[in-house]
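Enquirer: kindly generate the corresponding structure for this input.
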Amino acid sequence: MSKPSRLAAVLAAVALSLAAPMLAAATPAAARAPTQLDRFLRHLKTLRVSFRQTLVGAHGGEISRSAGTLIVDRPGRFRWQSRPLAANGAPAGAGQLMVGDGRNVWFYDRDLQQVTVQPLTAALSATPAMLLSGAVDVRKRFKERPAGRREGLSWVFVEPRDASAADFRSALFGFRHGTLERMILEDTLGQTATVVFEHIEVNVPVPAKLLTFSPPPGVDVIGTPAK
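Expert: Residues are numbered from 1 along each chain as shown. This next block holds a predicted model:
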């Protein structure tokens with residue numbers, strides 16, 4: 001899987017150079033108290049947004065831009081769909097689709113005509129996408145702490161408790177008036193993705209058909225789904 005595609009899978013998430021200066025004021029007591037992320041997730045049943053994503057390499061150069069949609073239906077179901085963008089903002093490829101149907105996680109790379117599937121219990125066990133979907137216990141799998149304010153947003157810093165079992169190093173979640181508007185994710189290759197949410201709808205009805213997946217005829221399927 002290419003580097004941009006790999007990070008797309010991690011995000012489904014869907015996201016750190018901002019982390020270091022923001023964490024200076026965090027205290028152990030603050031890390032134990034409920035964060036804004038905790039409060040957001042406590043009341044979250046469904047989430048439906050569109051997003052814009054920018055991917056930057058470990059040495060600072062921009063690798064790609066993309067746009068797409070994220071749907072979450074807690075617990076354990078989500079749909080992350082993205083398409084690459086050209087410099088003029090036009091679509092530049094078929095893109096990727098990731099669907100968590102409550103039992104399996106399906107990753108469909110339309111450009112490669114390839115589907116990868118894993119049981120939900122084995123796939124992406126520590127990523128922001130899984131965190132938002134409610135498929136994992138946040139306090140058990142992640143360390144959280146408030147990370148101050150910047151660019152009009154209140155930030156929460158998150159990192160996996162077990163780095164060896166995670167697909168990302170750290171993430172920042174940015175909130176405005178209690179609503180998640182931005183994620184910044186650093187993956188294990190040193191790439192940084194900034195995801196800006198738009199047209200945010202919280203706790204609205206979500207069509208069940210959007211959270212199921214069947215491999216299209218003729219595509220290669222890698223992995224065995226749980227029955």
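Enquirer: what residues does the residue of the chain positioned farthest from its centre make contact with?
Expert: What lies farthest from the middle of the chain is G218; by Cα atoms, centre = their mean that is 28.4 Å. With contact taken as Cβ atoms under 8 Å, 6 or more residues apart in numbering, G218 is in contact with Q113. Heads up, the C-betas are built off the backbone N, CA and C, glycines and all.
Enquirer: tell me the secondary structure at it.
Expert: Secondary structure for G218, judged by DSSP: H, G, I helix; E, B strand; the rest coil, is coil.
Enquirer: phi, psi for it please.
Expert: phi 90, psi -10 (degrees, to the nearest 10).
Enquirer: ok, now K209?
Expert: phi -70, psi -20.
Enquirer: which residues in this protein form helices?
Expert: Taking DSSP state H as the criterion, the chain carries its helices at 3-11, 19-22, 28-32, 36-42, 128-133, 138-141.
Enquirer: wait, G95 touches L85, no?
Expert: No. When contacts are counted by Cβ atoms under 8 Å, G95 is not listed as touching L85 (9.7 Å).
Enquirer: joint contacts of those two?
Expert: S66.
Enquirer: so where's this structure uncertain?
Expert: Along the chain, segments meeting pLDDT under 70 span 1-32, 123-130, 135-136, 165.
Enquirer: all strands of it, in order?
Expert: 46-56, 62-73, 77-84, 96-101, 104-109, 114-119, 142-150, 153-160, 168-176, 179-187, 192-202, 220-222 (DSSP state E).
Enquirer: mind putting those strands into JSON lines with distance to F40 and mean neighbour count?
Expert: Formatted as JSON lines, the strands of the chain follow (distance: least, Cβ to Cβ, whole Å; neighbours: other Cβ atoms under 10 Å):
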{"stretch": "strand 46-56", "distance to F40": "9", "mean neighbour count": "20"}
{"stretch": "strand 62-73", "distance to F40": "12", "mean neighbour count": "20"}
{"stretch": "strand 77-84", "distance to F40": "15", "mean neighbour count": "24"}
{"stretch": "strand 96-101", "distance to F40": "19", "mean neighbour count": "23"}
{"stretch": "strand 104-109", "distance to F40": "23", "mean neighbour count": "24"}
{"stretch": "strand 114-119", "distance to F40": "27", "mean neighbour count": "18"}
{"stretch": "strand 142-150", "distance to F40": "11", "mean neighbour count": "18"}
{"stretch": "strand 153-160", "distance to F40": "9", "mean neighbour count": "22"}
{"stretch": "strand 168-176", "distance to F40": "7", "mean neighbour count": "23"}
{"stretch": "strand 179-187", "distance to F40": "6", "mean neighbour count": "22"}
{"stretch": "strand 192-202", "distance to F40": "9", "mean neighbour count": "18"}
{"stretch": "strand 220-222", "distance to F40": "34", "mean neighbour count": "12"}
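Enquirer: would you list those strands in JSON lines and tack on distance to D38?
Expert: Shown next, in JSON lines, are the strands of the chain (distance: least, Cβ to Cβ, whole Å):
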{"stretch": "strand 46-56", "distance to D38": "15"}
{"stretch": "strand 62-73", "distance to D38": "16"}
{"stretch": "strand 77-84", "distance to D38": "19"}
{"stretch": "strand 96-101", "distance to D38": "21"}
{"stretch": "strand 104-109", "distance to D38": "24"}
{"stretch": "strand 114-119", "distance to D38": "27"}
{"stretch": "strand 142-150", "distance to D38": "7"}
{"stretch": "strand 153-160", "distance to D38": "8"}
{"stretch": "strand 168-176", "distance to D38": "11"}
{"stretch": "strand 179-187", "distance to D38": "12"}
{"stretch": "strand 192-202", "distance to D38": "16"}
{"stretch": "strand 220-222", "distance to D38": "36"}
